[in-house]
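1. Got a sequence here, can you model it:
(4 chains)
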Number of protein chains: 2
Amino acid sequence: MSSALPKAARRGLADEAADLVRAAIFSGHFPPGAPLREVELAERLGVSRGSVREGLARLEHEGLVRGGWHRGTTVIRVTAEDAQEVYALRAALDRLAATTARRAATAEQLSALDRLVAEMAAEIAEGGDAPRLVALDIAFHDQIYAAAGNGRLTSAWEAIRSQVHLFQLRRVDVAYDHYRARVVDEHRELAALLRSGDIRTLARRAEEHVESARRSLLAGLPTAP
Amino acid sequence: MSSALPKAARRGLADEAADLVRAAIFSGHFPPGAPLREVELAERLGVSRGSVREGLARLEHEGLVRGGWHRGTTVIRVTAEDAQEVYALRAALDRLAATTARRAATAEQLSALDRLVAEMAAEIAEGGDAPRLVALDIAFHDQIYAAAGNGRLTSAWEAIRSQVHLFQLRRVDVAYDHYRARVVDEHRELAALLRSGDIRTLARRAEEHVESARRSLLAGLPTAP
DNA sequence: CGATCTTTCAATGTCAACATTAGGACAAGA
DNA sequence: TCTTGTCCTAATGTTGACATTGAAAGATCG
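-> I've put the predicted structure just below:
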């Protein structure tokens, strides 16, 4: 009912290529600053340059890569200024998403949030694989945006989602203990506020949640080139 | 004249095509729901289908058109729900842009805002061409986002900018008197608050400015198909 | 030896042809 | 008449070749 079951959306090669390259960036195969040559990717992925080009354009709109006229495409670098920009925007978007979802969320969607928190706790109990925890973190916020039900808001989130994902991966690299100690509690509180919390408190906590992530990343970033 | 002069960035045919099609949509040549066929546009603009395709992808990321797999591209329709989504997001973005610009704006950028307000007043005195007033309105907010200096925030604004432009054109169609009577005053107040206003007041007024636009459009929308 | 102009080339921008598909026209059956 | 299955066509998805360009290597001059 929320999102109908027939997710049989048939996609083109461009989306496929974008997914593959995005995964390669997250896995570290393409480090920050690495050039993404169209011909090379086309050969490696077994598709034409046109499709690769379209896929790269999509990644560019996600902010994961940057490109200029006749100057190629490269993976973005994670500078302190970039983090400031992304997290400032994310705070505003998360605030709106949370307050909107507070009114619009269905019982099923609220349960999905609880389920994700439980998965985080289970993951930590089993040792705590950092990339998987980050994936669950992102999925949690995806669910909030879905519950808000504002397509444009979701698009705005998707435009910085991959960057946030990349930044969070970097964050667990520089401050895993801090992250591991707070993930479950912070998200559990957000889930509770979304179910039956005061709107103003929810708005404030949603912003503070992002602020916490920003500080955690920035604390370990400027020292590392 | 709208933005800084260093606009010498050499662009490709895709951008050119996107600009042309966007202007055609604003002018009413392509009404809401109209299909945008690649071959037809390629012939009329004198470029290849590839460039048109890339340009249409850009317009899709601006939210001006919608497209599906093998289902072509069509101009969006202006429904009440669409307006709700766009204006809710715009309120959040404008709020962040205003509060950020309050600290970061230079004297030159603040003067540019005053200049735009003066142009609005002059335009009204000379009769008041609706499309030109809307263009100045949009340019005013462009300037605020530029003053904020957050690239990601500006990108998020650009993702709904064309939709807002389209909605505002529709708004002056259904409630021109209401618009004409308030544009100058509302923007003059925003400019003053950006120069020397309280942050909280500024945040509230920035949101209310959008809320005012939303109500004005919605009041005349549901009746028209 | 350093600076500036020229050349070169690898990579991107553009294009037109081929392959695939969604949606409608049409006809057979209940 | 309504449903269902088939076919057809117009439009999009995909591809490899050709044109253009930015930047670095090389040459020339002061």
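2. Was I right to think A:Phe167 contacts A:Arg90?
-> No - the criterion here is CB atoms under 8 Å, and A:Phe167 misses it with A:Arg90 at 9.5 Å. Every C-beta, even on glycine, is put in place using the N, C-alpha and C of the backbone.
3. between these two, who's got more neighbours?
-> Remark: of A:Phe167 and A:Arg90, A:Arg90 carries more neighbours, 27 against 22, as counted by other CB atoms under 10 Å in any protein chain shown.
4. Just to check, that one is in contact with A:Gln163?
-> No - A:Arg90 lies out of contact with A:Gln163 (CB under 8 Å); the separation is 9.0 Å.
5. Quick check: phi and psi at the most far-flung residue of chain A relative to its centre.
-> The centre of chain A is farthest from one residue, A:His70, which by CA atoms, centre = their mean lies 29.2 Å away. Here is the backbone geometry of A:His70 (degrees, to the nearest 10): phi 60, psi 20.
6. Ok, A:Pro32 next?
-> As for A:Pro32, its main-chain torsions (degrees, to the nearest 10) stand at phi -50, psi 130.
7. Tell me where chain A is predicted with low confidence.
-> When residues are selected by pLDDT under 70, those of chain A lie in A:1-10, A:222-225.
8. one more time with 90, if that's ok
-> For chain A, applying pLDDT under 90 flags the ranges A:1-12, A:67-72, A:77-79, A:127-128, A:173-175, A:196-197, A:219-225.
9. Strands of that one, residue ranges please.
-> Secondary structure of chain A (DSSP state E): strands at A:65-68, A:72-75.
10. Against DNA strand C, how distant is the closest residue to A:Trp157 other than its chain neighbours?
-> Excluding its sequence neighbours, the residue lying closest to A:Trp157 (CB to CB, 6 or more residues apart in numbering or on different chains) is A:Tyr145, at 5.0 Å. Separation of A:Tyr145 from DNA strand C (CB to the nearest atom of the strand, to the nearest Å): 27 Å.
11. My guess is A:Ile25 contacts A:Val75. True?
-> Yes - contact between A:Ile25 and A:Val75 holds when scored by CB under 8 Å: they sit 5.8 Å apart.
12. so what's in contact with these two at the same time?
-> Common neighbours of A:Ile25 and A:Val75 are listed as A:64-65 (criterion: CB atoms under 8 Å, 6 or more residues apart in numbering or on different chains).
13. Between the two, tell me which one has more neighbours.
-> A:Ile25 (23 against 20).
14. what does chain A put close to DNA strand D?
-> Listed as neighbours of DNA strand D in chain A under the rule CB under 7 Å from any atom of the strand: A:12-14, A:42, A:47-51, A:54, A:69-71.
15. try 10 Å
-> Chain A comes close to DNA strand D at residues A:10-17, A:38-39, A:42-43, A:45-55, A:68-72, as judged by CB under 10 Å from any atom of the strand.
16. List only those of those flagged as buried.
-> Buried subset of these (neighbour count, 16 or more other CB atoms under 10 Å in any protein chain shown): A:13-15, A:17, A:38, A:42, A:45, A:47, A:51-55.
17. Name the member of the residues you listed with the shortest distance to A:Leu133.
-> A:Asp15 (26.4 Å; CB to CB).
18. From what I see, that closest one and A:Leu59 are in contact.
-> No - at 10.9 Å, A:Asp15 and A:Leu59 do not qualify as touching, with contact defined as CB under 8 Å.
19. Looking at chain A, which residue is nearest DNA strand D?
-> Proximity of chain A to DNA strand D (CB to the nearest atom of the strand) peaks at A:Gly50, 2.4 Å away.
20. pretty sure that residue is in contact with B:Gly50, am I right?
-> Yes - using CB under 8 Å, A:Gly50 makes contact with B:Gly50 at a distance of 7.2 Å.
21. what's the nearest residue to A:Leu110 if we skip its chain neighbours?
-> Nearest residue to A:Leu110 in three dimensions, chain neighbours excluded: A:Arg195, at 5.3 Å (CB to CB, 6+ apart).
22. try A:Ala121
-> Per CB to CB, 6+ apart, closest to A:Ala121 is A:Val184, 5.1 Å.
23. related to what we said a few turns ago, neighbours of the residue nearest to A:Leu110, just the number please.
-> Neighbour tally, A:Arg195, other CB under 10 Å: 14.
24. next one: A:Gly127
-> Neighbours around A:Gly127, by other CB under 10 Å: 7.
25. now the helices for chain A?
-> Taking DSSP state H as the test, the helices found in chain A are A:13-26, A:38-45, A:49-61, A:80-104, A:107-125, A:130-148, A:151-174, A:176-196, A:199-220.
26. Touching, A:His141 and A:Asp94? I think so.
-> Yes - A:His141 is within contact range of A:Asp94, at 7.0 Å (criterion: CB under 8 Å).
27. coming back round to it: need the max-distance pair from the buried ones among the residues of chain A next to DNA strand D.
-> Longest distance between any two of these is 16.6 Å, between A:Asp15 and A:Glu38; criterion CB to CB.
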